[in-house]
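Student: Please find the sequence and the predicted model below.
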Amino acid sequence: MNDIDDPSSLDFSDFVFSESSPDFHIEAEIDPVDAEAQEAAILYANGQDEMVRTLLENAVRIHHFGPGERLWMMLFDLYKLSGQKAAFEALEIDYAQSFEKSPPGWRDRSSGPAKTKEVLAGNLLLRGTLTDDNNAAFDAIRQALEKNPKLRVDLSKVSRLDAGGCARLLSLLQQARKAGRELELLGRDTLQALLEKCVESGRAEDRECWLLLLELCQLQGQYERFEDLAINYAVTFEVSPPSWEAKRVAAPEPVLKRASNGAGDEVDADAYGLHGDIKASRFGDLSGYAGVHDPVIIDCVALKRIDFISAGALLNVLTTVRRSGKQIVFRHPNHLVAELFGVVGLKAVASIIFAKH
């Protein structure tokens, strides 16, 4: 296989994209629509919006049927992202005449979804096992906690646990309290049911499971169950049990719903979110997220633009994820970003779902 056909061989870590007009040439044999879509995507990634607008406005005059529709979608998104409603509405009329179907509707994204990142960043779903060897899960929790003063970890999908995993979770809870951060556990009933099966009065094993179960009883406000369990713990391990602290009873668990990005689109609270204008990012936390999620959903609703270097870094990370057999999905990117994903080779490792219009 030629190296250029293998996305994993592409390393953009040392690539420098010029701030001036890019000096590249599209090969003659490439499809004209592909050529213009790729050129527009690269120009947009480089922040040259006026050149993108000129290119696409000329292109839609030529390609006004069939495969050329993707160029129209790119221009619609450019108008939306830059708040050009009058130009968008004029293009709607031309689109309806050319393609004989309804055009995309206007959604104002020019101001950006200011609160979307805050909503997404505070939630993490842990699937699979709460076991000592699940390093990816605990790394993801730790990294997310470093970024957020308040983090919700949903444990409702945990299917198995062990004492080592309980010890690591208890350690994270303790570290969060010492750092003045809040680590809120969701899916407490599911986890409590698993822990109840691990503890047995008189059997001095799996001590950390007992301690985590006591912690959950405390959070749930289950005073009588806590007191009974504390007595059994003291008898079984011949040590003093933790004390009840009324002030540490947690609020009822919230019902996590999909959040709105302010433009009428829903944001998947369990997805890895890309936001705003991304430049020179290495996506250091994406591997941790991917380690505990399958499929790996990357929500692009709030993503305006990503530069060429970051797109290449994203490819490097996701190529490794894809080799592990996981499905990767980009959810609702704008068409300018989606075309760049095609340029760098991301479409070879991930599928793309566009928003309905």
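Tutor: Structure received. The model shown is predicted, which means the values in this text are computed figures rather than measured ones. Numbers count the residues shown, from 1 in each chain.
Student: can you count the residues close to residue 39?
Tutor: The tally of other residues near residue 39 (other Cβ atoms under 10 Å) stands at 20. The way it works is simple: take the backbone N, C-alpha and C, and place the C-beta from them, glycine included.
Student: for residue 313, that is, sorry about that
Tutor: Residue 313, neighbours per other Cβ under 10 Å, totals 24.
Student: Surely it is in contact with residue 283?
Tutor: Yes. The pair residue 313 / residue 283 is scored as a contact, 6.0 Å apart, by Cβ atoms under 8 Å.
Student: so who does residue 133 touch?
Tutor: Shown in contact with residue 133 (Cβ atoms under 8 Å, 6 or more residues apart in numbering): residue 164.
Student: for it, helix, strand, or coil?
Tutor: Here residue 133 takes the coil state, with states given by DSSP: H, G, I helix; E, B strand; the rest coil.
Student: please begin residue numbering at 63 from this point
Tutor: Sure, I'll start numbering at 63, so the last one becomes residue 195.
Student: ok, it to residue 203 distance?
Tutor: 15 Å (Cβ to Cβ, to the nearest Å).
Student: pLDDT weak spots in the stretch 263-412 of the chain?
Tutor: Filtered on pLDDT under 70, the stretch 263-412 of the chain yields the residue ranges 316-332.
Student: Mind doing that once more with 80?
Tutor: Low-confidence segments of the stretch 263-412 of the chain, defined by pLDDT under 80: 313-332, 356.
Student: Also the stretch 113-262 of the chain?
Tutor: Those would be 169-185, 187, 189, 209-210, if you go by pLDDT under 80 across the stretch 113-262 of the chain.
Student: can you give me the helices for it?
Tutor: 131-143, 147-161, 178-183, 197-209, 225-240, 250-258 (DSSP state H, counting those that start in this stretch).
Student: most neighbours per residue, which of those?
Tutor: helix 131-143 (a mean of 22; mean count of other Cβ atoms under 10 Å).
Student: Tabulate the CA atom coordinates of it in PDB.
Tutor: This file holds the C-alpha atoms of helix 131-143, laid out as PDB (Å, rounded to 0.1, in the frame of the first residue of the first chain):
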ATOM      1  CA  GLU A 131     -25.100  20.800  -4.300                       C
ATOM      2  CA  ARG A 132     -22.300  20.300  -1.700                       C
ATOM      3  CA  LEU A 133     -20.800  23.700  -2.800                       C
ATOM      4  CA  TRP A 134     -24.100  25.300  -2.200                       C
ATOM      5  CA  MET A 135     -24.300  23.800   1.300                       C
ATOM      6  CA  MET A 136     -20.800  25.200   2.100                       C
ATOM      7  CA  LEU A 137     -21.900  28.700   1.000                       C
ATOM      8  CA  PHE A 138     -25.100  28.500   3.000                       C
ATOM      9  CA  ASP A 139     -23.000  27.600   6.100                       C
ATOM     10  CA  LEU A 140     -20.500  30.400   5.400                       C
ATOM     11  CA  TYR A 141     -23.400  32.900   5.300                       C
ATOM     12  CA  LYS A 142     -24.900  31.500   8.500                       C
ATOM     13  CA  LEU A 143     -21.600  31.500  10.400                       C
END
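Student: now that helix and helix 147-161, what's the angle there?
Tutor: 160 degrees (axes from the mean of the first three to the mean of the last three Cα atoms, to 10 degrees).
Student: could you list every residue that touches residue 265?
Tutor: residue 298.
Student: quick one on the thing from earlier: so which of the helices of the stretch 113-262 of the chain gets nearest residue 293?
Tutor: helix 250-258 (15.9 Å; Cβ to Cβ).
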